[in-house]
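Asker: sequence first, predicted model second:
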Amino acid sequence: VAVGAPAPAAAAMAAAAANGEGEGEVDGATPSGAAGACDHPDVKVHSRDEMIERLKDFALESLAAAGLGDPREADKPSRLSVGLVGYPNVGKSSTINALKGEKKTVVSSTPGKTKHFQTLNVSEDVCICDCPGLVFPRFAESRAYMVVSGVLPIDKLTNDVRGPLDIVASHFHKEYLSRFYHIALDTEDGMPANKVSGKQLAEAYAIVRGLILMGGRADEMKSGRKVLKDYIDGKLCYC
């Protein structure tokens, strides 16, 4: 389990631990005693027990800051509760499975898989609360950016695929997209010579894939979703 790691790295480490692939051993992280070491200066890899101990300390610090006592010392003792909240599809449930040491929560690459609040005891002292992903539209630049970032499910796009596609297309040279999808892309008015709009990308790809609507129009929605999935899944390599 990674502390301070980017969400994809944390999810990958949690999944690796849950699958028994070595605690914290992923993408350059190497075992070193109880915990792993990682080349990235901002990433610390913990063993399961170390992470649970860290969560326990965090809970006690939070209670003290709020002026509350330790629930384990109350008249009716209870475990320390730690909640995992954040954007959808960042590895919250995978992290809980890693801490539990077995698959207790359903995980999926599709955002929004966790539907309900649930609690799981991971030790004698700590209870973990798994929550559905939270989206804060006020803090996101736009809905299109939330789609491109993998926060909103692509399959639920019903009317506007061009916005997210424009963002994706802006990250690549026209020649790269042309070679990747085996499509012909023309120079467009108002666009740099080496760039392409999301509209033209969706139309050209739809024609190549035979995604045609009644009346002979290209099905931009279906082709656009495919391009967006390629981007989010890392098939379109953007650095």
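Answerer: That came in fine, so what should we check first? Just so it is clear, the model here is predicted, and its values are computed rather than measured.

Asker: immediately after whichever strand or helix holds Ala64, which helix or strand?
Answerer: Secondary structure from DSSP states H and E places Ala64 in helix 48-65. As assigned by DSSP H and E, the chain's next helix or strand after helix 48-65 is strand 80-84.

Asker: give me the contact list for that following strand.
Answerer: For strand 80-84, the surrounding residues in contact (Cβ atoms under 8 Å, 6 or more residues apart in numbering) are 55-56, 58-60, 63, 70-72, 92, 95-96, 119, 125-131. Where you see a C-beta, it was placed from the backbone N, CA and C, and this is true even at glycine.

Asker: just the buried members of these?
Answerer: 55-56, 59, 71, 92, 95-96, 125-128, 130 (16 or more other Cβ atoms under 10 Å).

Asker: just send those residues back as CSV, with distance to His182 too.
Answerer: Putting the buried ones among the contacts of strand 80-84 into CSV (distance: Cβ to Cβ, whole Å) gives the following:
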residue, distance to His182
Leu55, 49
Lys56, 54
Ala59, 54
Pro71, 61
Lys92, 38
Thr95, 39
Ile96, 42
Asp125, 57
Val126, 52
Cys127, 53
Ile128, 47
Asp130, 43
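
Asker: what is the nearest of those residues to Asp189?
Answerer: The nearest member of those to Asp189, counting by Cβ to Cβ, is Lys92 at 45.3 Å.

Asker: against Arg162, how distant is the closest one?
Answerer: Distance, Lys92 to Arg162, using Cβ to Cβ, to the nearest Å: 31 Å.

Asker: ok, now Asn194?
Answerer: Using Cβ to Cβ, Asn194 is found at 20 Å from Arg162.

Asker: out of the two, which sits in the busier spot?
Answerer: Set side by side, Asn194 and Arg162 show more neighbours around Arg162, with 18 against 11, by other Cβ atoms under 10 Å.

Asker: now the residue lying closest to the more buried one once chain neighbours are set aside. Its backbone dihedrals?
Answerer: Distances taken as Cβ to Cβ, 6 or more residues apart in numbering place Gly198 nearest to Arg162, at 4.7 Å, with adjacent residues excluded. Per-residue torsions, Gly198: phi -60, psi -30 (degrees, to the nearest 10).

Asker: now name the helix or strand holding the nearest residue to Ser170 once chain neighbours are set aside.
Answerer: In space, and not counting its chain neighbours, Ser170 is closest to Lys195: 6.6 Å by Cβ to Cβ, 6+ apart. Mapping Lys195 onto the secondary structure by DSSP H and E places it in no helix or strand at all.

Asker: list the contacts for Lys195?
Answerer: Going by Cβ under 8 Å, 6+ apart, the list of residues near Lys195 reads 169-170, 173-174.

Asker: and it, what pLDDT?
Answerer: Listed pLDDT for Lys195 reads 93.

Asker: what's the answer for Gly198, then?
Answerer: 91.

Asker: residues near it, how many?
Answerer: For Gly198, using other Cβ under 10 Å, the count is 22.

Asker: do you know how far it is from Lys92?
Answerer: 31 Å.

Asker: and what of His173?
Answerer: Relative to Lys92, His173 is positioned 36 Å away (Cβ to Cβ).
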